[in-house]
Each structure stands twice: as structure tokens, then as C-alpha cells.
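Peer 1: Just the structure for this:
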Amino acid sequence: MNEIQVVNHQALTRTKFTPDIAELELSQYQLVFVCDDLMLAGHKYDLIKEHSAFVTRAFTHRTYQFFRKTTDGSAVSVNASQKMETGNLRVKGELHCVLSTQIPALDTHYQNDIMFKRYRTPLLRAATPVAIAQDVDAEGNPLPKCLQGNGHKKIYHLPEVIDPLEAWMYVGLRSYWDDLLDVGFAFEPVRIAEPEKERNWLPRYYHWRNQP
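Peer 2: Purely as a prediction, here's the structure:
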């Protein structure tokens, strides 16, 4: 095998699970939603640590079933199926801006198109806007003119807004996982969390965390 053939072989091996590499590399970065041990506190964050920047925390717009392997804590999110009609909840995770050149490493990690599938996924980000009123007292009333201009201000927290986003997400393929999940003893549902305040769009959600 000559040098050119070696280089071509290495390139094909690197992109084995990334058939859309040419399209991806038209952009320098890709937004990727992670909700397992690739998150900031996860055991495998090093896979993207040097090649990405954290953007924000977010929730999936769609609902999923989300399982955790009891032996190593690794997680699998899958779409609903006729076999499992309950347990469909939104998933909390993190949005990262990842170099496009690092996507093949992620695709290899998740075995894209075999164990998982990288999908464009709609997300929701909750934000609380802030308004600042200048020259008001602690109650928000205007100060006398002689006291205005002295830097007095009051901060108002406005009603929560939900911003729609979109990013890549690795979703478990039912063709690979269904039989494994049906066994039951090797997997358990990921922790279900309650929001700190009442939200009509988010009654409960899945939130993966490291094993102790």
C-alpha cells in the first residue's frame, strides 16, 4: 500500500460512521446536544473538552424514553415504541459548540447508524429576561429630580421565555436497543426530576447524572 493509499485508508477509517462529513465540514462548528456522560461533569467529557465550547443548558422539545445501564452508568435515549408507551418525558442536557472535525470521533463513540443515530433535534431553552429601571427607589418609584443621576436603579425579572433551538443529538436506534432494554435487569430509567418552579411545559423531565 503506497502513501496515498494509506492516507485514503486512514481518512475512510476516521469517517466510517460519518457519511455526511463533506456537508458537515462546510461549517467550522456544529451544535451538539449531549445528555449523558459527555456533559461537563461526565466521565467522558474529555472526548469534546478540547474541541468545543459550552453554550447553554436546554431540554428536548420531543419526549423520549431514557435509560441508564446499571453496570457502568452509560445512558441511552430512545424514541417511544409500541412496546413501551409510558415513561415519555423531555430530557435535560447541554448544548455544546463542537468543531466539525471532531464529529467523526463522536460518531465513532456512538457508533452512528448502528447503535445510535445523529439527528437534527428541536430543543427548548428557558430564560428569564432582566429589565433595569434607572433613577428609582427600592419600590420602583421615580426618585425626586434632585436625586436622579446618582446611579439608583431597580432590577426587574420579567416572565420566563422559551427559546427554540436546534442541534444534533444522538438517539438510540430501536433496532439495536429494543431487545436489550426489554430484558430489564441491565437497564433502569434515568433519574426523573421535578422543576424547581411550576412550568406548564415541563411537569417532569429526565436528568442524567454521574454514578456516585
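Peer 1: and the nearest residue to Ile21 once chain neighbours are set aside, how many neighbours?
Peer 2: Of all residues not flanking Ile21 in the chain, Thr15 sits nearest, at 4.6 Å (CB to CB, 6 or more residues apart in numbering). All C-beta spots, glycine's among them, are computed from the backbone N, C-alpha and C. Neighbour count for Thr15, taken as other CB atoms under 10 Å: 18.
Peer 1: So for the protein, the centremost residue is which one?
Peer 2: What sits nearest the mean C-alpha location of the chain, by CA atoms, centre = their mean, is Phe33, with 2.9 Å.
Peer 1: Neighbours of Asp72, how many?
Peer 2: So Asp72, with other CB under 10 Å, has 10 neighbours.
Peer 1: before we move on, back to that, how close does the residue nearest to Ile21 sit to Glu23?
Peer 2: Using CB to CB, to the nearest Å, one gets 12 Å for the distance from Thr15 to Glu23.
Peer 1: Please apply the same query to Ser74.
Peer 2: For Ser74, the distance to Glu23 - CB to CB - is 29 Å.
Peer 1: For those two, indicate the residue with more neighbours.
Peer 2: Ser74 (17 against 10).
Peer 1: thinking that one is in contact with Phe67, fair?
Peer 2: No: between Ser74 and Phe67 there is no contact under CB atoms under 8 Å: 9.5 Å.
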